[in-house]
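*Asks:* Return atomic coordinates for the entry below.
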Amino acid sequence: MIEAETALLEAVRDTLRTKLKLNESQCDVELDDETVPAISSAKHFSVSSAGLVAGKHHARSGGAIDLLLSVRVVVYHRMGDVPRDRRRSVLLERTRGLNADLTAVMDAIDFRYEPMNLATSNISTLGSREGFLEPLKFDSADTKPQPVFKDPYDAASSTAKGDPTLAIRRGVKFSGARFVMTRRQQA
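*Replies:* Down below sits the predicted model:
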């Protein structure tokens, strides 16, 4: 039931949009490719899959399907062109904002059942005792903010002088969302 992963990603995205009052250009499901979407605003929240493994009750030959899903949320803050002698003060200010946004993400997702209930309601084939039974739990955060550099092959930026840093990013991983359903018989 891999559809559970898609439902969970959409539910986390929708929860962040609602709780943090973000619009579509500020928060979406993305590839975790460490790039800032070109159409994003000054800050962007990227939701992506961080893994899917069989749970301890998963029965491969019949019975229960038990999956543990993980989600990663990366927050990007654009830097703009910053003179070399002012990078530290700008980086410190952006890091404060980045960490505040990550705290808000953790408050919205960590041990919250709202995203789980939303994800379960988005899967129409479930019975009354199936779906997400355990919430996402904070797992880890990136050790430090990382710079995101302009693409050297981007024709628009290849002739530009100045700071190659486009943004800074930091991610947080949530794990342990347990999804359970009974195995359906093939007709």
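
*Asks:* Tell me which stretches of the chain form strands.
*Replies:* Along the chain, counting by DSSP state E, strands occupy 27-29, 43-54, 64-78, 131-134, 137-141, 146-149, 165-182.

*Asks:* Going by mean pLDDT, which of those comes out lowest?
*Replies:* Mean pLDDT is lowest for strand 146-149 among the strands of the chain, at a mean of 84.

*Asks:* quick one on the thing from earlier: would you turn the strands of the chain into a markdown table with distance to Leu91 and mean neighbour count?
*Replies:* No exception for glycine: its C-beta is placed from N, CA and C like everyone else's. Output for the strands of the chain, formatted as a markdown table (distance: least, CB to CB, whole Å; neighbours: other CB atoms under 10 Å):
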| stretch | distance to Leu91 | mean neighbour count |
| --- | --- | --- |
| strand 27-29 | 23 | 20 |
| strand 43-54 | 15 | 18 |
| strand 64-78 | 10 | 21 |
| strand 131-134 | 37 | 19 |
| strand 137-141 | 18 | 15 |
| strand 146-149 | 9 | 16 |
| strand 165-182 | 7 | 20 |
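
*Asks:* among those strands, which is nearest Leu9?
*Replies:* Of all these, strand 27-29 sits nearest to Leu9, with 4.9 Å by CB to CB.
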